[in-house]
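*Asks:* Structure here, sequence nowhere to be found:
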Ligand code: G6P
Ligand code: ZN
């Protein structure tokens, strides 16, 4: 075994997006592509010599090869130890948990989250820092800058190691410890929730369907829900992780998890439905014939937080991404705690969580989480719901409707226009930005524009600034239309249009969401000239 230095040349576009570097598998398969990125990452780490690195991924195609490369490079960089999930597997929240539980220097998570996998699918790599959360922008910007100047990388020429057997092996001076990917995470969940109450719920005949979407959440959900909590075998379906997610799109929303939605709409539907995504950090909650909007889920968990042992003393505050509905703001106000509004991207919650300013966080993109780790956490959200269902004895629908009655309903929907041309998308956003100065005061479809701007954020903890985080049109009656381009896609551009209307009156809370938002949908399409600039009359995904 020796450490070798290879000469290399920069690749274009190694710039981490909303959540790490995501590209087609074929891009990652180019010789030197992964190596360059990892070298650029390692070159920026100070004091990592002899320290511990956590490595794992969502098990998608190319995960196993990438793990071997990263291990050999970590050995060449002088890490003392790598904690590797067995089979190269760690869900994103479990990776965050292991980094924190074992006091690691940081971790590398291999995932393209909810994007499809397989030889023609997507792959991704993300670096998480010692608090367990995604690296902040100053680190990812540094990585990107170094990828543009890189001339060489260092790697051990050791043979592949066995990543499927628990225990310790060595590459050069570095120890590779293959760990059980579920154990640390399961122990943390047992501290968060009232497992006794949830066990009783299942023992009383409560029925659930958890759709793991052939992704990494399967082994975690099986171990906890069917194993520890005693739900009947078969409660967790599509539980075996597949390299291509069974050819499906592992994104838990009503479009991509339509099978779960169909089961929950059937006559013999179970009491509770849930799904998680490729790397198990997202979640979707469904009652009997009643999908729950992620923004409503955050508000509801906040309102009921004290039923869970970890949050029994109350919550310090809530954070939500700017496009997420303002339902949580009303719960926060009632609880007398602050609600922070951040740009899209879980990394923006890290400082607020570390500083103890917030306990719960959530995003409209089916992400919910808390200060127990520094990633969003799909299974955690599902267990939290189970805890609330067990403690209240109410159904999902009863709970959500009661929350609306107390705080008002924020009708909410997101319209995605996927795979549009980048040039057209940029033109559309530029067109919106150009209109901003004239929009305030205008009346659109009967609503007066109170304010129109491009959302900017100043981190209240470290003062760092993020500009141009989404164009907002805010109306007098509290309604909003928000436009931004996705930062997680790998092909063309995706325009996201977020629509929201507040309805305080209980007798007007039963409308169909799209009908309730129709005037705002019209405003969005005409102000942004969507059909004219993109050639699309309707969105590809509506959540
Ligand atoms: C990932 C991130 C989230 C983000 C979501 C959508 O899941 O972790 O923080 O909300 O992607 O991001 P996008 O830029 O595609 O809207
Ligand atoms: Zn994910």
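*Replies:* Okay, I see it. Note that this is a predicted model, so its numbers are computed, not measured. Residues are numbered from 1 along each chain as shown. Ligands and ions are numbered 1, 2, ... in the order given.
*Asks:* Output the below-cut-off pLDDT ranges for the stretch 101-250 of the chain.
*Replies:* The model of the stretch 101-250 of the chain has no residue with pLDDT under 70.
*Asks:* Around ligand 1, which positions in it sit nearby?
*Replies:* Residues of the stretch 101-250 of the chain lying near ligand 1 by C-beta under 6 Å from any ligand atom: residue 113. Every C-beta, even on glycine, is put in place using the N, C-alpha and C of the backbone.
*Asks:* At the contact with ligand 2, which residues of the stretch 101-250 of the chain appear?
*Replies:* By C-beta under 5 Å from the ion, the residues of the stretch 101-250 of the chain that approach ligand 2 are residue 113.
*Asks:* Let me see the contact set for the closest residue to residue 529 other than its chain neighbours.
*Replies:* Of all residues not flanking residue 529 in the chain, residue 431 sits nearest, at 6.4 Å (C-beta to C-beta, 6 or more residues apart in numbering). Going by C-beta atoms under 8 Å, 6 or more residues apart in numbering, residue 431 touches 528-529, 533.
*Asks:* Would you quantify the distance from residue 431 to residue 499?
*Replies:* Distance of residue 431 to residue 499, computed by C-beta to C-beta, to the nearest Å: 19 Å.
*Asks:* pLDDT (mean, whole number) over the longest helix along the chain?
*Replies:* When the chain is parsed with DSSP state H, its longest helix is helix 422-439. Mean pLDDT, computed over helix 422-439, is 96.
*Asks:* go on, stretch 40-47?
*Replies:* 96.
*Asks:* and if you look at stretch 380-387?
*Replies:* Per-residue scores along stretch 380-387 average to 98.
*Asks:* How about that stretch and ligand 2, touching?
*Replies:* No - residues of stretch 380-387 contacting ligand 2 under C-beta under 5 Å from the ion: none, with a closest distance of 12.4 Å.
*Asks:* Please identify the buried residues of that stretch?
*Replies:* 380-387 (16 or more other C-beta atoms under 10 Å).
*Asks:* Those residues into CSV, with extra columns for distance to ligand 1 and secondary structure?
*Replies:* Below are these laid out as CSV (distance: C-beta to the nearest ligand atom, whole Å; DSSP: H, G, I helix; E, B strand; the rest coil):
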residue, distance to ligand 1, secondary structure
380, 15, helix
381, 14, helix
382, 17, helix
383, 20, helix
384, 19, helix
385, 20, helix
386, 23, helix
387, 24, helix
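*Asks:* Kindly confirm my reading that residue 331 is in a helix.
*Replies:* Yes - residue state for residue 331 (DSSP: H, G, I helix; E, B strand; the rest coil) corresponds to a helix.
*Asks:* Can we start the residue count at 839 from this point?
*Replies:* Sounds good: first residue 839 from here, last item residue 1169.
*Asks:* Give me the number of neighbouring residues for it.
*Replies:* Neighbour count of residue 1169, defined by other C-beta atoms under 10 Å: 24.
*Asks:* Kindly report the same for residue 1125.
*Replies:* Each residue near residue 1125 was counted by other C-beta under 10 Å, and the total is 21.
*Asks:* What distance do you get for the nearest residue in space to it that is not next to it in sequence to residue 991?
*Replies:* In space, and not counting its chain neighbours, residue 1125 is closest to residue 1234: 2.7 Å by C-beta to C-beta, 6+ apart. Distance of residue 1234 to residue 991, given as C-beta to C-beta: 51 Å.
*Asks:* now residue 1053
*Replies:* According to C-beta to C-beta, residue 1053 and residue 991 sit 31 Å apart.
*Asks:* ok, those two, which is more surrounded?
*Replies:* residue 1053 (34 against 23).
*Asks:* quick one: contacts for the more buried one?
*Replies:* 896-897, 1079-1080, 1083, 1088, 1114-1118.
*Asks:* One more pass at 6 Å, please.
*Replies:* 1079, 1083, 1088, 1116 (C-beta atoms under 6 Å, 6 or more residues apart in numbering).
*Asks:* what's around the residue lying closest to the first one once chain neighbours are set aside, how many residues?
*Replies:* Excluding its sequence neighbours, the residue lying closest to residue 1079 (C-beta to C-beta, 6+ apart) is residue 897, at 4.3 Å. If you count neighbours by other C-beta under 10 Å, residue 897 ends up with 29.
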